[in-house]
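Participant: With the input below, show me the fold.
(2 chains)
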Amino acid sequence: MLEVRDIHTYYGDSHVLQGVSLSMARGQVVGILGRNGMGKTTLIRSIIGFTPPRRGQVLFKSRDITAWPSNRAVSFGLGLVPQGRRVFPSLTVLENLAVAAKANSGPWTIARVLELFPRLGERGAHRAGKLSGGEQQMLAIARALTTNPELLLMDEPTEGLAPLLVREVGRVIENLKTQGLSILLVEQNLPLALRVADHVHVLSRGRVVHSSAPDALWRNEEIKSRYLGL
Amino acid sequence: MDFWISQLFNGVSYGALLFLLAGGLSLIFGMMRIVNMTHGSYYLLGGYVALTVIWRSGSFLLAVVVGALAIALVGIAEWNAFLKRLSGQELGQVLTTMGFALIFQDLALVLWGGDPYTIPIPPALSGSYVVGQLYFPVYRIFIVVVAVIVALTLWLALERTRIGAMIRATVDDPEMARGVGINVHLISMAVFALGATLAALAGVVAGGFVGVYPGADFEILPYAFVVVIVGGMGSLKGALIGSLLVGLLDNFGKALFPELSYFTLFAPMAAILAVRPTGLFGRA
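Facilitator: Numbering: from 1, shown residues only, chains lettered A, B, ... in the order given. As a prediction, the model looks like this:
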């Protein structure tokens, strides 16, 4: 469903992704691990089109979307839960969902998303900027779902959350997985990533340095200590 | 007392005119970060196009409609052919819009000559209401009414519709707006066209009150920018309050200290910026 072929992405002169390739099948959850500054977020930005790669290709549902504007990629079935949540602070909770709701319908109506996150329904008329960090994270996930994605890109959805909320986000991801959603998950929280992922890639200095099943990574002490600081 | 009331009225009606011009400028500024130096030209050209329409047809209403729509097309063309390619390049945008401002200035001089004109206003809008010693020109009341209608319509559209929410989302975070599937290019073009339309409407309305003449574009542009800076970029409420403030300050400044009129306009602006660098209702 997604194939990333040897992409090279730059910020100005800084060569951040130096030839990353990976692929994932429909219904899979793939985890991207690695320390800060190793290119995980850049990978997400390259796929969604915020920072298009200068070389290489991103194929989604067999179409080359490398140079597409992000909104076209989203209309074509990509969904994004960005790093730092990035809810629209001056919009209400419901407006945050409404602007993302797509004209072409899918299973995720605003009503159904609110069933998954009842707390957001209670706060529907509040400005998103006034929500707590955990609520903003739920809103960021809910907002991405209302675009009815076939592949959800999640960039550190548990960053900065209290342990209780980390578990909550974990439950949501597992729930989405059982519903058949494909997810590319960037995560610092190793136990969570290993629990939900079918396959993991470790990024270091803009390259994939390890790919395996989650339990194989869990047993590989060398990779864990060298690239994940464990 | 009469002096204060009539100056207050003049200040409010000039503020209403400024709001028509600056409301769109503020939205463009807040949403696309474009410092649109052509905005004054839309005001000028709107007035001239309306003048021509009214000479040919005699209809004030038709002049308003044609003037506003013609300039909307000019704005869309400028946006599509040039500005959308310069996204994020402030210097390129300023120079491009400044270049267009100079071109339109000369073009207006070639097409309409250097004489000042006044747009003839319909009889229903001429004359004054007299209250005691005070004269309230009907046309100035008309300007205030137009500005109130425009402000209410814009407010409802921005705050109560999905498209309005999309515009605000784009002001908040344009990249993330694309990331939830909003066609930011299309929305930006629409807002740019709306801003041009309102500027042209201001030009037509002003044509019946201060006239249409060469240099009117660059004369009013600094006022519009002061409104945007004082009110806060991208804030409709800011544009409204800023317009009233600037209209009143300018009017009372000119009436009370004519030799210091620019000072009475810009000193309060500097004071506001010192306390609130993002303007009264702006966000960082």
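Participant: does the residue nearest to the spatial centre of chain A count as helix, strand or coil?
Facilitator: The centroid of chain A falls nearest to A:Met154 when counting by CA atoms, centre = their mean (1.3 Å). Three-state call for A:Met154 (DSSP: H, G, I helix; E, B strand; the rest coil): strand.
Participant: And the residue nearest to A:Val58 when sequence neighbours are not counted, how close does it get to chain B?
Facilitator: Nearest residue to A:Val58, sequence neighbours excluded (CB to CB, 6 or more residues apart in numbering or on different chains): A:Thr66, at 4.8 Å. Glycine gets a C-beta too; all of them are placed from N, C-alpha and C. Taking CB to the nearest CB, to the nearest Å as the measure, A:Thr66 falls 16 Å from chain B.
Participant: is it true that A:Thr66 lies in a strand?
Facilitator: No. A:Thr66: not assigned to a strand; according to three-state DSSP it is coil.
Participant: and it, how many neighbours does it have?
Facilitator: 21 (other CB atoms under 10 Å in any protein chain shown).
Participant: give me phi/psi at B:Pro122?
Facilitator: Torsion angles at B:Pro122 (phi, psi; degrees, to the nearest 10) stand at phi -60, psi 150.
Participant: What are the boundaries of the helices in the stretch 1-150 of chain B?
Facilitator: Counting by DSSP state H, counting those that start in this stretch, the stretch 1-150 of chain B has helices at residues B:2-32, B:39-57, B:60-81, B:90-112, B:138-160.
Participant: can you check chain A too?
Facilitator: Here chain A has its helices, by DSSP state H, at A:40-48, A:70-75, A:93-100, A:110-116, A:118-122, A:133-146, A:163-178, A:190-196, A:214-219, A:221-227.
Participant: Same list, those helices, but as JSON lines with distance to chain B and mean neighbour count please.
Facilitator: Shown next, in JSON lines, are those (distance: least, CB to the nearest CB, whole Å; neighbours: other CB atoms under 10 Å in any protein chain shown):
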{"stretch": "helix A:40-48", "distance to chain B": "6", "mean neighbour count": "24"}
{"stretch": "helix A:70-75", "distance to chain B": "4", "mean neighbour count": "22"}
{"stretch": "helix A:93-100", "distance to chain B": "4", "mean neighbour count": "24"}
{"stretch": "helix A:110-116", "distance to chain B": "11", "mean neighbour count": "15"}
{"stretch": "helix A:118-122", "distance to chain B": "15", "mean neighbour count": "15"}
{"stretch": "helix A:133-146", "distance to chain B": "6", "mean neighbour count": "24"}
{"stretch": "helix A:163-178", "distance to chain B": "17", "mean neighbour count": "16"}
{"stretch": "helix A:190-196", "distance to chain B": "22", "mean neighbour count": "17"}
{"stretch": "helix A:214-219", "distance to chain B": "28", "mean neighbour count": "15"}
{"stretch": "helix A:221-227", "distance to chain B": "28", "mean neighbour count": "14"}
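Participant: and those as TSV, adding distance to B:Phe192?
Facilitator: Shown next, in TSV, are the helices of chain A (distance: least, CB to CB, whole Å):
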stretch	distance to B:Phe192
helix A:40-48	25
helix A:70-75	18
helix A:93-100	19
helix A:110-116	30
helix A:118-122	34
helix A:133-146	26
helix A:163-178	39
helix A:190-196	44
helix A:214-219	49
helix A:221-227	48
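Participant: Of the ones you listed, which is nearest B:Leu236?
Facilitator: Closest approach to B:Leu236 among the helices of chain A is made by helix A:93-100 (15.9 Å; CB to CB).
Participant: any idea of the pLDDT on A:Pro214?
Facilitator: Looking at A:Pro214, its pLDDT reads 93.
Participant: correction: A:Asn104
Facilitator: pLDDT, A:Asn104: 56.
Participant: Next: the one 10 residues further on.
Facilitator: Reported pLDDT at A:Leu114 in the predicted model: 94.
Participant: Please apply the same query to A:Val93.
Facilitator: 97.
Participant: need the contact list for it.
Facilitator: Neighbour list for A:Val93: A:Leu120, A:Arg123, A:Gly124, A:Ala125, A:His126, A:Ala128, A:Leu131, A:Leu139 [criterion: CB atoms under 8 Å, 6 or more residues apart in numbering or on different chains].
Participant: Tell me if I am right that B:Ile182 is in a strand.
Facilitator: No. Read with three-state DSSP, B:Ile182 is coil and lies in no strand.
Participant: Got the phi and psi for the residue of chain B positioned farthest from its centre?
Facilitator: Going by CA atoms, centre = their mean, the residue of chain B most distant from its centre is B:Gly132, 33.3 Å out. Note on B:Gly132: its backbone torsions stand at phi 60, psi -120 [degrees, to the nearest 10].
Participant: Count the neighbours of residue 59 for me.
Facilitator: Looking at chain A here, since you left the chain open. 15.
Participant: ah, no, chain B please
Facilitator: Count around B:Ser59 with other CB under 10 Å applied: 13.
Participant: Quick check: closest non-adjacent residue to it.
Facilitator: Here the residue nearest B:Ser59, using CB to CB, 6+ apart, is B:Val53, at 7.5 Å.
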